[in-house]
Each structure stands twice: as structure tokens, then as C-alpha cells.
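**Student:** Give the three-dimensional model of this entry:
(chains A and B)
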Amino acid sequence: MDELRPVKIVARVLNDADGSAYIEWGKNKILAGVYGPSECVPRHEQSLYRAVVRCRYNMAPFSGMEEHGRSGPSRRSKELSKVIKESFENVIISENFPKTQIEIFVEVLQSDGGTRCAAVTAAAVALADAGIPMKDMISAVAVCKIDGKMAVDPGKEEDNFGESDMPIAFSPRTGELLLYQMDGLLTRDELAEGLKLARDASEKIRKLQVDAIKKVYEEPKEERFLIVK
Amino acid sequence: MPGELLSDRADRIAYAFVDNGKAYSTVVGLFAEGKLVPLEGPYEPLPEDYIVGIVAEVKFSGYSVDMNTAYSAFLSSREIRERYSMGDAIFAKVSMVDEVRSVEVNDAKKLPEGRLVKVSSVKIPRIIGKKNSMVDTIKSATGCDIFAGRNGYVWIAGKGNANLAEQAVRMIEVQAHTTGLTDRVAAFLKSESGKQQ
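**Tutor:** Prediction:
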């Protein structure tokens, strides 16, 4: 019940983005790109005190099954863009870059439940790769309740047929929760158990994130390619 | 790594922040002897920095200069005797940066015809090298003039082998975090220039 799907993270995969990362989390395949800090347009949205953080979460039209696989603006993608943006607003030291914007783009190429956690995880790596100062590198994981038991990292079927689903993003340094949503119902005890499971799992995810960034510098490459083995 | 503990005391370290009396990193970098060197990051203009910029706009009282950041610099025509047009490359010194990052530059000089190589600004110290060692190596091997701006623009000019100079700059950018780089670049330049003759 504390088993994660196989996770693979590759950092620095795009040539023209300031920072980028690709993640395979079970059957999820997600690409994250970070641009910025650059001049904030439209100008009326810029702040004299900090950088504006923007996020666009998008699913490719071929990305998934049933109602999940819809591209373009939708209620769901708006919501995810918002929660991802708000998670990162907590850690990015945006006061260093007044009048600018930092843009995070998340493209879901293939989806299988838990895309928001995978997206947050990949975007954190992309931000670190871009060298944008952050107080912490976020990692995220979901927990769920299936057949009355708490389990970590639900796939699409487990999510749809389970009783409850709870994605959480952690700041590993302080243990703060930066994203915390819940579908369905949980008792207090189940919630506490779920949090503990998620915390342990996020430690593992963090290790993979750190490894992905280290690998960029251990094997320096002139051209950035995305090769999935 | 962002959020990694650097020091148990509230030391003031560049690219780090202090929380609860302890210092933590904010960037991916190399930490040694109390100094954190970032491996990637945007350019933050500082007074006295020498930059390479491209004239982006000619205004009534001066020029607006693109310098690879979110902020464009202003060059007042009162400070200079030359005239520039859009697209000219200049080498200038940052004279003032204020709290909303309005940047002013002066001491401008028009750069001769050449090519622009964009690299990450944190790698410029490696391209210049200790006491210009790296730049001198490339200059003597290729016969080019090289102007490395602190903002991450490198201007390669002159009649020398500009292709080779550009390759060398790119090589330094990719391997900036490794040791013994000057020797490797010298060896690379030697073998390459041998091939081409």
C-alpha cells in the first residue's frame, strides 16, 4: 500500500526553455518548461515588488482516456493551473525580480491519474534547472482510500473506483503542505495515516528530483534531447 | 539544491536565505569554503558590471539596450560621443541599478562587426577565466577579439576563426562546472586548428 508507480525524471530536455523537465510516472508522461524571469506582459499585471508567477497546465488531445483527455481551456485545466501556480508562489523568491513574470508550462502528453502531482514534481525540477531562486524544491504525491484502506499514489482506475483521493504537495525542508485537495470523504485517522504515507513517498520523489538535476551536470551535453529508454 | 542546508548558523551567503537561524540554498549550485556558486540562473545587473548589449530602440535622449534580462538598460546620449542605430552591439558599463531594476549604462563603445553568442550569465566568469586566462587562450588560438559581457552575451569579432571561437565558448558553457577546463580548451583549440589547416 506504500508502493509508488515507477517514476523517471529527466531534467533539461528543451533547448529554448530556460529550464525544463520530463517525467514519467507510471503511465503519465508530462513535459514541463519554465521561461523567465522576463518582462511581464500585459503591463497592468506586473508588480513593482515581485515577479508574477504564471502557470499553464494543458492536456494534449491524445493524452488520455474519456473525459480526462481533453485539450484546451476547461474547468479542470484552469483549476490545475491555479493550484500549481499557488504551490510555487510559496517557494519562489519572487522579490528578487520586480516587474517580471515567471512562466511555468506543463503539457500532459499521456495521462493516467495523478497528473497534478507529477506536474508539480516536474515543474519543480524545471524551475531548479532554470536557476530560479526557490526556498525549496517541492515534491508531490497523492494518497487514496481503496476498499477501506489507505494507499499511496493511485492510478486512474484506483482513483475512479476508490472511495477517496487526496493529492498533496510538500515542501520537504519544512514539511509544509503547499497543495492539499481531497475528493470523497476520510475520517481523521485515515487522514493522518494518508499524510504519513504521502510524506514518506514524497521523500522518495525528492531523491529522484535531486538525481535528475545532478545528472545534468554529471553528463553535460551540448544539445538537449529527450530520449526515453 | 534549493532548500538544502548550507550552514547551522545564520551566515549571510549569496544565493542563500536564512530561516530559523540556519542558512539554506535557493539554487542549484556548488558550495565550498562558505561560498555558493550557482550553476544556472538569470542575470541580475549590478553596478560596475561590463555588459554586451544590443541597441533595441533609439529614443530622443538616448538608447534602450537589450541585455539578455527582463530589464532593458538605458544609455543616455549625453554620456557618449558616438551615434548608434538599432541592432548595433555595444560594450558598456552598468552605472546604476535601482530597486525596481531600472538600469542605466555608460562608458559605451561600439563593437566591431562580429557575432553574438548567448550563454548563461553564471558561466561568464569561467569564460573569462582567472586573470583573463581563458579568453586569452581563445584569442591567441583563433585570432578573434572576444568581448564577454557579464550579462551572458559574448561578442566574437575580428578576422580570426570565429567558428572555432564559438565552439570553444559553447564547450566552456557546457563544462563550466568541471575542473581543469583551461587545459582542455587549449588542447581542443590546438587539435581543431591543426585539423583545419
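**Student:** can you give me the strands in chain A?
**Tutor:** Ranges of strands in chain A, per DSSP state E, are A:7-11, A:19-25, A:28-39, A:52-59, A:100-110, A:139-146, A:149-152, A:164-171, A:176-180, A:183-184.
**Student:** now the angle between strand A:52-59 and the third one, please.
**Tutor:** To tie it back to what came earlier, the one meant is strand A:28-39. Compare the direction of strand A:28-39 with that of strand A:52-59 by axes from the mean of the first three to the mean of the last three CA atoms, to 10 degrees and you get 150 degrees.
**Student:** Strand partners (parallel or antiparallel) of strand A:28-39?
**Tutor:** strand A:19-25 (antiparallel), strand A:100-110 (antiparallel) (DSSP bridges).
**Student:** Reformat the ones you listed as CSV; add mean pLDDT, distance to B:Ala148 and mean neighbour count.
**Tutor:** Bear in mind the C-beta positions are built from the backbone N, C-alpha and C, glycine included. Shown next, in CSV, are these (pLDDT from 0 to 100; distance: least, CB to CB, whole Å; neighbours: other CB atoms under 10 Å in any protein chain shown):
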stretch, mean pLDDT, distance to B:Ala148, mean neighbour count
strand A:19-25, 93, 23, 26
strand A:100-110, 93, 24, 23
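**Student:** mind checking the SS state of B:Asn151?
**Tutor:** Secondary structure for B:Asn151, judged by DSSP: H, G, I helix; E, B strand; the rest coil, is coil.
**Student:** Which residues of chain B lie near chain A?
**Tutor:** B:1-3, B:15, B:17, B:19, B:24, B:26-28, B:38-42, B:44, B:69-72, B:99-101, B:120, B:122, B:170-171, B:174-175, B:177-178 (CB under 8 Å from any CB of the partner chain).
**Student:** Give me the buried positions along the lowest-mean-pLDDT helix or strand in chain B.
**Tutor:** Across the helices and strands of chain B, mean confidence by mean pLDDT, DSSP states H and E is lowest for helix B:181-196: a mean of 79. Using 16 or more other CB atoms under 10 Å in any protein chain shown as the test for burial, helix B:181-196 gives B:Leu181, B:Thr182, B:Val185, B:Ala186, B:Phe188, B:Leu189, B:Glu192.
**Student:** residues in contact with the second one?
**Tutor:** With contact taken as CB atoms under 8 Å, 6 or more residues apart in numbering or on different chains, B:Thr182 is in contact with B:Gly129, B:Ser133, B:Met134, B:Thr137.
**Student:** try the fourth one
**Tutor:** Applying CB under 8 Å, 6+ apart, we find B:Ala186 in contact with B:Thr137, B:Ala141.
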